[in-house]
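>>> with the input below, show me the fold.
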Amino acid sequence: MTHKGTATFIAQRTSAVILLPLAIWFLAGAVAHTGSTYEEVRAWLATPLNAGLMGVLVLTGAFHMRIGVNEIVDDYAPASSRGLWKLLNLLAAAGVAGISIYSLVVLAA
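Presented below is the predicted three-dimensional model:
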């Protein structure tokens, strides 16, 4: 069994640092568009900068989620089922990221 605790720790903290300004950007954009129509929000999201930032937010969030849930699995799941839980976690994170990016591409087009 390999122990890569330091690398996991650094990856999770790095993704958290990346997520912080992206979350502030997203919240500022959401507040700024309160009461806006669907088309106005879609136009805002369709700009290359905003679409790119949203894509980075979604991908980084899914990566951060996968690391966090893997830590929970390592701490609380029985050793016999950890592999299955980690596989399901990976599939869930990839699914969320994939559907979100697909939706972003459809909205931005």
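>>> check contacts around the residue nearest the centre of the chain.
Most central residue of the chain, judged by C-alpha distance to the mean C-alpha position with Cα atoms, centre = their mean, is residue 61 at 1.9 Å. When contacts are counted by Cβ atoms under 8 Å, 6 or more residues apart in numbering, residue 61 is found next to residue 19. Using the backbone N, CA and C atoms, a C-beta is placed for each residue, glycine as well.
>>> give me the pLDDT value at it.
Per-residue confidence (pLDDT) for residue 61: 97.
>>> same question for residue 3.
Residue 3 is given a pLDDT of 67.
>>> go on, residue 47?
94.
>>> again, but for the one 3 residues further on
The predicted local distance difference test score for residue 50 is 96.
>>> is it true that it touches residue 42?
No. Applying Cβ atoms under 8 Å as the test, residue 50 and residue 42 come out as separate, 10.6 Å apart.
>>> in terms of neighbours, single out the busier of the two.
residue 50 (17 against 12; other Cβ atoms under 10 Å).
>>> so that one is in which element?
Secondary structure here is read from DSSP states H and E; on that basis residue 50 sits in helix 48-76.
>>> can you spell out which helices and strands pack onto the helix or strand following that helix?
Per DSSP H and E, the first helix or strand lying C-terminal to helix 48-76 is helix 82-108. Helix 82-108 is packed against helix 38-46, helix 48-76, with contacts defined by 3 or more Cβ pairs under 8 Å, 6 or more residues apart in numbering; DSSP states H and E.
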